[in-house]
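Enquirer: what's the 3D shape of this:
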Amino acid sequence: MDQLLQGRHAHRGGRTLAQRARNLVTIVTAYSRDELLAERGIGHVTALEVEHWLAQRGLRLRGLDHAQ
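Expert: Below you'll find the model as predicted:
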């Protein structure tokens, strides 16, 4: 998930990499599935891992509902 620390929503986590790493959940939950897949180095397997990681925390990607 290092790619997301510099991705399109990274600014939501702070200005420095350290701040962003501490706020990774905030960054990741700002993504939709399509945006996540559009990030360089993120494929379907990584996207599923990210979704699982969020689910373990009771969270999900933006716009993701149970009907999909």
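Enquirer: which of the residues in stretch 27-46 are buried?
Expert: Buried residues in stretch 27-46, counting neighbours by 16 or more other CB atoms under 10 Å, are found at Ile27, Val28, Thr29, Ala30, Tyr31, Arg33, Glu35, Leu36, Glu39, Ile42, Thr46. For the C-beta atoms, the positions are set from N, CA and C on the backbone; glycine is no exception.
Enquirer: With secondary structure, pLDDT and distance to Asp2 as new columns, can these be given to me in CSV?
Expert: Formatted as CSV, those follow (DSSP: H, G, I helix; E, B strand; the rest coil; pLDDT from 0 to 100; distance: CB to CB, whole Å):
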residue, secondary structure, pLDDT, distance to Asp2
Ile27, helix, 97, 11
Val28, helix, 97, 12
Thr29, helix, 96, 17
Ala30, coil, 96, 16
Tyr31, coil, 96, 15
Arg33, helix, 95, 19
Glu35, helix, 96, 17
Leu36, helix, 96, 14
Glu39, coil, 95, 11
Ile42, coil, 95, 11
Thr46, helix, 96, 11
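Enquirer: Leu17: which of those is nearest?
Expert: Distance ranking of the buried residues of stretch 27-46 against Leu17, using CB to CB, places Ile27 first at 11.4 Å.
Enquirer: so how far is Arg20 from the nearest residue to that closest one once chain neighbours are set aside?
Expert: Excluding the flanking residues, the one nearest Ile27 by CB to CB, 6 or more residues apart in numbering is Gly13, at 4.4 Å. Here Gly13 is placed at a distance of 4 Å from Arg20 (CB to CB, to the nearest Å).
Enquirer: Overlap of the contact sets of the two?
Expert: Common neighbours of Gly13 and Arg20 (criterion: CB atoms under 8 Å, 6 or more residues apart in numbering): Leu5, Ile27.
Enquirer: Can you pull out the low-pLDDT segments for the chain?
Expert: Low-confidence regions of the chain, defined by pLDDT under 70, span residues 64-68.
Enquirer: one more time with 80
Expert: 1, 64-68 (pLDDT under 80).
Enquirer: got the contact list for the residue most central in space within the chain?
Expert: In the chain, the residue lying closest to the centroid (CA atoms, centre = their mean) is Val28, at 2.4 Å. Going by CB under 8 Å, 6+ apart, Val28 touches Met1, Leu4, Val50, Trp53, Leu54, Leu61.
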